[in-house]
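>>> Coordinates for the following, if possible.
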Amino acid sequence: MSGLEHDVRYERKTLVLLSLGFGLVGFDRWLMAPMFPYMMADLHLNYTQLGSLIGILSIAWGLWSIVTGPVSDRFGRKRILVATMIAFSLLSSLSGLVASFMSLMLMRAVMGIAEGTFTPASLAANSDASLPARRGINQGIQLSTMPLFGMGIAPVFATQLMRMVPSWHWVFAISAVPGLILSALIWASLRDQKPADMPTVEQHEAKPRWMQLLKSRNVLVATVAMLCAMGGIFVITAMMPTYLVAVLHLDAKSMGFVASAVGFGGFIGCFALPGISDYVGRRPTALTGFFAAAVLLYFFSSAGANPVALFALLFAIAVFAIGLLSLLSGPITIDAAPAGLVASAIGLVSGVGETFGGGIAPAVAGFVAQHFGLARILDFALCSLIIGGCAAAFLIETAPRRRAVMATDRERVA
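Sure, this is the predicted structure:
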């Protein structure tokens, strides 16, 4: 191994910077949701348009994350990370200056391109700097900052800042500052390096073919389940602030408090579900996650305007639903990926889930809210989670510890 692999100080510094960067990706992405009740009147927007604004970013993100993965290998991680962070930070700030729905849609689409390009490069840079034994936990830490910042901190920050600034425009303007500072720190600190253990062409008789992914049962099942999990939690996240204000008539402070539960619960879930799956198995953990999230969402829909109860239920829903995103795109996909296609498998599962579950589902939910009532979005999310649970039932168990126990049990019976 090279000295770079044993540079623990650099590994930790990179982890901190990229975790903060991924957190800001989530922050800028989801800042619009708690701001939407204030934007509706000024820009004459409706619920269908809210779903479209959330969806267009996810579609651009998903498509670009699939196609730009190899780009950072060719041009280097640092330049891409810095350029895209500056881009999505400025675009978030400029969102506060738009005066029409179409210009806001264009802004969100370009922001999705920047964030979708940032994602694979940041995960690869984190992996480059980490010892192999710590890559899993380091990427778990990095991924967990998105729900923490985007769904936990953003609603509280936005609603509290609204009490101190003249209008919602200023909230978006201020949002660019952390990203610009962090991009300078990444430029000064990050190295462009190639992983020492990256296989070369000479080490393989033939390059793995991307189409091999379609022969992996668990990759296909995880893709469908990921789409449903994202469809459920992203619809909840996108529409929840407006639902709390328009249907339950909570004030801004209570709305921000309740909506933040998604981020804090998701932060816990990103660690909890993959960790539990190492012991009890991937399949039962996924099934439990979908079932528990669906049941809790049903109780949430009838909880009434009780901020404490709503926070507790939404926190628990996020633990399971966002934990499923980490479980499906992480251990389940990595276990099932053909040799040499781990990154491609992650890109496929995450990209399809992001494009359809995170992109199209909120747009459809916005249409449902506009024509059948905002309360019906919870029914839409519930159905998505139930379908995901049915898909997860077709998973094949791949957890090494669980498979070893199953093999021992079979030997005893024999």
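
>>> Only C-alpha atoms from now on, for both contacts and neighbour counts.
Fine.

>>> Give me the pLDDT for A363.
At A363, the predicted lDDT confidence score is 77.

>>> Tell me if I'm right that it and N46 touch.
No - assessed by C-alpha atoms under 8 Å, A363 is found out of contact with N46, at 11.6 Å.

>>> More neighbours: those two, which one.
Shown here are A363 and N46; by other C-alpha atoms under 10 Å, A363 has more neighbours (25 against 18).

>>> Name the nearest residue to that one, ignoring sequence neighbours.
Computed as C-alpha to C-alpha, 6 or more residues apart in numbering, the closest residue to A363 that is not its neighbour in sequence is G51, at 4.0 Å.

>>> Just list the residues touching the one you found, thanks.
For G51, the contact set (C-alpha atoms under 8 Å, 6 or more residues apart in numbering) comprises A238, M239, P362, A363, V364, A365, G366, F367.

>>> if we go to 6 Å?
Contact analysis of G51 by C-alpha atoms under 6 Å, 6 or more residues apart in numbering lists P362, A363, G366.

>>> Save those as a markdown table, and put in secondary structure and distance to P147 too.
What follows is these, written out as a markdown table (DSSP: H, G, I helix; E, B strand; the rest coil; distance: C-alpha to C-alpha, whole Å):
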| residue | secondary structure | distance to P147 |
| --- | --- | --- |
| P362 | helix | 17 |
| A363 | helix | 21 |
| G366 | helix | 22 |
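
>>> Any chance of a markdown table for these, columns distance to L325?
Converted to a markdown table, the contacts of G51 look like this (distance: C-alpha to C-alpha, whole Å):
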| residue | distance to L325 |
| --- | --- |
| P362 | 17 |
| A363 | 20 |
| G366 | 22 |
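
>>> give me the low-pLDDT residue ranges for the stretch 201-350 of the chain?
Scanning the stretch 201-350 of the chain for pLDDT under 70 picks out the ranges 201-211, 339-344.

>>> try 80 this time
201-215, 237-239, 252, 271, 330-331, 334-348, 350 (pLDDT under 80).

>>> which residues in it form helices?
In the stretch 201-350 of the chain, the helices defined using DSSP state H, counting those that start in this stretch lie at 217-246, 252-259, 261-280, 282-301, 307-327, 333-336, 342-352.

>>> what number of residues lie near the closest residue to E354 other than its chain neighbours?
Distances taken as C-alpha to C-alpha, 6+ apart place G62 nearest to E354, at 4.9 Å, with adjacent residues excluded. For G62, the neighbour count with other C-alpha under 10 Å is 30.

>>> Send me the strand or helix carrying G62 as PDB with only the CA atoms.
Element membership for G62, per DSSP states H and E: helix 47-67. The C-alpha atoms that make up helix 47-67 are tabulated as PDB, following Å, rounded to 0.1, in the frame of the first residue of the first chain:
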ATOM      1  CA  TYR A  47     -49.100  22.100  -5.600                       C
ATOM      2  CA  THR A  48     -48.600  20.500  -9.000                       C
ATOM      3  CA  GLN A  49     -45.800  23.000  -9.600                       C
ATOM      4  CA  LEU A  50     -44.200  22.200  -6.200                       C
ATOM      5  CA  GLY A  51     -44.000  18.600  -7.200                       C
ATOM      6  CA  SER A  52     -42.600  19.500 -10.600                       C
ATOM      7  CA  LEU A  53     -39.900  21.700  -9.000                       C
ATOM      8  CA  ILE A  54     -38.800  18.900  -6.600                       C
ATOM      9  CA  GLY A  55     -39.100  16.400  -9.400                       C
ATOM     10  CA  ILE A  56     -37.100  18.200 -12.100                       C
ATOM     11  CA  LEU A  57     -34.000  18.400  -9.800                       C
ATOM     12  CA  SER A  58     -34.200  14.700  -9.000                       C
ATOM     13  CA  ILE A  59     -34.600  13.700 -12.700                       C
ATOM     14  CA  ALA A  60     -31.500  15.800 -13.700                       C
ATOM     15  CA  TRP A  61     -29.600  14.500 -10.600                       C
ATOM     16  CA  GLY A  62     -30.400  10.900 -11.400                       C
ATOM     17  CA  LEU A  63     -29.600  11.000 -15.100                       C
ATOM     18  CA  TRP A  64     -26.300  12.900 -14.500                       C
ATOM     19  CA  SER A  65     -25.200  10.600 -11.600                       C
ATOM     20  CA  ILE A  66     -25.500   7.600 -14.000                       C
ATOM     21  CA  VAL A  67     -23.500   9.100 -16.900                       C
END
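
>>> between the helices of the stretch 201-350 of the chain, which gets nearest to S122?
Distance to S122, taken as C-alpha to C-alpha, is lowest for helix 342-352 among the helices of the stretch 201-350 of the chain, at 12.8 Å.

>>> can you list the domains in the chain?
The record's domain parsing of the chain by automatic domain parsing lists 1-193, 207-414.

>>> next one: the last one to chain centre, how far?
Spelled out, it's domain 207-414. Mean-position distance between domain 207-414 and its chain equals 10 Å (C-alpha atoms, centre = their mean, to the nearest Å).
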